[in-house]
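**Q** Below are the sequence and a predicted model; questions follow.
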Amino acid sequence: MTESDGEPPRAPGSTPAGPTVVVREARPADADAVAAFTRDTWGERHEDYLPRVFPEWVAADDPDRGTFVATLPPEAIDGSDAVAGNDDRDPGDTVIEGDGAGAAAPGEPEAVVGCIRGALLTEWEAWGQGIRVDPAARGFGVGTALSTGALDWARDRGATVCRNMVFSWNIAGLGQSRAVGFEPATEFRFAEPEPAADVGDPETAATASDSDGLRVLDGPDPNAAWAFWADSDARDHLGGLALDDGEPWACSELTRERLRVAADDDRLLAVAGADALAGFAVRARVSERPGDDGDDAPERVAVYGAAAWRDVDAAGALYKSIAADAAAVDADAARVLIPETVEHVSDTGANRVPVAGEPDFVMRADLTGEL
């Protein structure tokens with residue numbers, strides 16, 4: 001996820017003590033160092049995905065995607081309590097040979113103490129994700145240096161806004177984001193309907209109490225979906241955002257053109273009553289995540305970037321359509337981004353669809369001025 005693990009923010013006006021943090025472009029040789037300080041990021045909550053995806057990020061870097069690391073002289077973190085006595089850490093496990101772009105001269109050692117990734121989603125929207133700071137280097141301003149570097153990178157590419165996603169329980173990450181200029185944007189939760197091929201007759205997919213005879217549309221009109229979205233409470237609450245179609249775990253504006261492309265790709269789902277659209281959802285992708293056990297086969301997850309509906313019955317019909325669609329793409333599980341509102345969460349619960357226990361927060365930084 002795009003959760004932030006930035007260091008706790010410093011008091012306004014304060015400056016970090018000690019050596020200067022140097023942020024540079026990431027290299028394949030940084031992977032082991034990043035893995036060393038991200039293996040236990042979230043403790044018992046869940047496993048961090050950074051050790052797995054960091055090498056993929058570096059290999060995929062291009063003008064629209066950039067992965068960066070923060071570096072310090074090794075002596076700055078020698079003897080850190082975060083390494084000493086930690087059975088999962090070895091002294092010097094983040095030290096690599098420098099090339100002159102980081103804190104060390106070419107051939108000299110430097111410590112990799114943080115990472116971040118930036119992505120340009122559209123001509124004007126950027127996304128920041130995967131910020132991590134080695135606990136051994138906290139107090140040096142590593143999180144601020146990484147965030148500032150990523151925002152500068154996005155601004156240089158013409159972005160006027162940069163967003164990120166932070167777990168709602170990650171108070172340190174939320175504080176770090178606010179400290180470097182991010183403001184609250186929206187919050188959402190994931191509904192988790194179970195893929196099911198047998199959901200009844202698609203022409204009568206609604207609950208028995210629905211008097212409008214809700215039905216699943218074959219080849220829904222993206223313009224009708226856009227009109228529904230533009231006037232929906234879901235769009236108002238989400239600020240027009242949905243999960244991005246190209247970048248996993250990123251949010252960008254859901255536009256009429258994106259709905260048209262989704263319809264062309266058979267990724268747009270919709271239900272209608274007697275005379276009007278009653279709800280729609282957009283499948284962003286089908287992704288794979290590791291199984292619960294390292295030896296288990298990867299789990300296929302159908303991810304729906306946004307869903308909107310008019311009432312509880314329409315929600316039920318739409319979730320049945322999503323369950324059938326997820327089964328049709330051979331997904332083992334499904335996730336649907338829904339607004340974090342009483343209405344949307346309770347409508348989901350009323351239809352016996354599981355919902356994630358905690359929301360996620362999206363934050364935004366205005367890049368039109370200097371931060």
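**A** Done, it's in.
**Q** and the most centrally placed residue in the chain, helix, strand or coil?
**A** For the chain, Trp249 is the residue whose C-alpha lies nearest the centre (Cα atoms, centre = their mean; 2.9 Å). Classification of Trp249 using DSSP: H, G, I helix; E, B strand; the rest coil returns coil.
**Q** now Asp88
**A** With three-state DSSP as the basis, Asp88 sits in coil.
**Q** And for it, the neighbour number?
**A** Asp88 has 10 neighbours, counted by other Cβ atoms under 10 Å. Yep, even glycine has a C-beta here, placed from its N, CA and C like the rest.
**Q** So for the least confident helix or strand in the chain by mean pLDDT, what gets flagged as buried?
**A** For the chain, using mean pLDDT, DSSP states H and E, the weakest element among its helices and strands is helix 171-179, scoring a mean of 91. Going by neighbour count (16 or more other Cβ atoms under 10 Å), the buried part of helix 171-179 is Ala172, Gly173, Leu174, Gly175, Gln176, Ser177, Ala179.
**Q** picking that back up, roughly how far apart are the residue nearest to the centre of the chain and Pro135?
**A** 24 Å (Cβ to Cβ, to the nearest Å).
**Q** out of the buried residues of helix 171-179, who's nearest Arg335?
**A** Gly173 (21.1 Å; Cβ to Cβ).
**Q** Ala179 is in contact with the closest one, correct?
**A** No. Gly173 is beyond contact range of Ala179, at 10.6 Å (criterion: Cβ atoms under 8 Å).
**Q** where does the stretch 1-150 of the chain dip in pLDDT?
**A** 1-17, 41-46, 81, 84-85, 87 (pLDDT under 70).
**Q** if we can go back for a sec, what is the distance between the least confident helix or strand of the chain and the centre of its chain?
**A** Its chain's average C-alpha position is 16 Å from that of helix 171-179, according to Cα atoms, centre = their mean, to the nearest Å.
**Q** Now the residue nearest to Ala136 when sequence neighbours are not counted: which helix or strand?
**A** Distances taken as Cβ to Cβ, 6 or more residues apart in numbering put Ser80 closest to Ala136, at 3.7 Å, once the chain neighbours are dropped. Assigned by DSSP states H and E, Ser80 belongs to no helix or strand.
**Q** same thing with Pro55?
**A** helix 50-60.
**Q** Mind giving me the packing neighbours of that helix?
**A** helix 31-38, strand 65-72, strand 109-120, strand 125-133 (3 or more Cβ pairs under 8 Å, 6 or more residues apart in numbering; DSSP states H and E).
**Q** my read: Arg285 touches Ala326, true?
**A** No. Arg285 is not in contact with Ala326 according to Cβ under 8 Å; the separation is 11.9 Å.
**Q** Looking at these two, which one has more neighbours?
**A** More crowded of Arg285 and Ala326, by other Cβ under 10 Å: Ala326, with 27 against 17.
**Q** I'd like the distance between the more buried one and Val301.
**A** Relative to Val301, and taking Cβ to Cβ, Ala326 is found at 9 Å.
**Q** Show me what the least confident helix or strand of the chain is packed up against.
**A** Secondary elements touching helix 171-179 (3+ Cβ pairs under 8 Å, 6+ apart): helix 142-156, strand 161-167, strand 360-366.
**Q** Please convert the ones you listed to a markdown table, extending it with mean neighbour count.
**A** Output for the helices and strands packed on helix 171-179, formatted as a markdown table (neighbours: other Cβ atoms under 10 Å):
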| stretch | mean neighbour count |
| --- | --- |
| helix 142-156 | 22 |
| strand 161-167 | 24 |
| strand 360-366 | 21 |
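**Q** Reformat the ones you listed as TSV; add distance to Phe37.
**A** Formatted as TSV, the helices and strands packed on helix 171-179 follow (distance: least, Cβ to Cβ, whole Å):
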stretch	distance to Phe37
helix 142-156	11
strand 161-167	18
strand 360-366	23
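**Q** pull the longest helix from this protein.
**A** Under DSSP state H, the helix in the chain containing the largest number of residues is helix 312-328.
**Q** what's the overlap in contacts for Ala326 and Val301?
**A** Ala333, Ala334 (Cβ atoms under 8 Å, 6 or more residues apart in numbering).
**Q** where does the stretch 251-371 of the chain dip in pLDDT?
**A** Judged by pLDDT under 70, the stretches of the stretch 251-371 of the chain that qualify are 291-296, 370-371.
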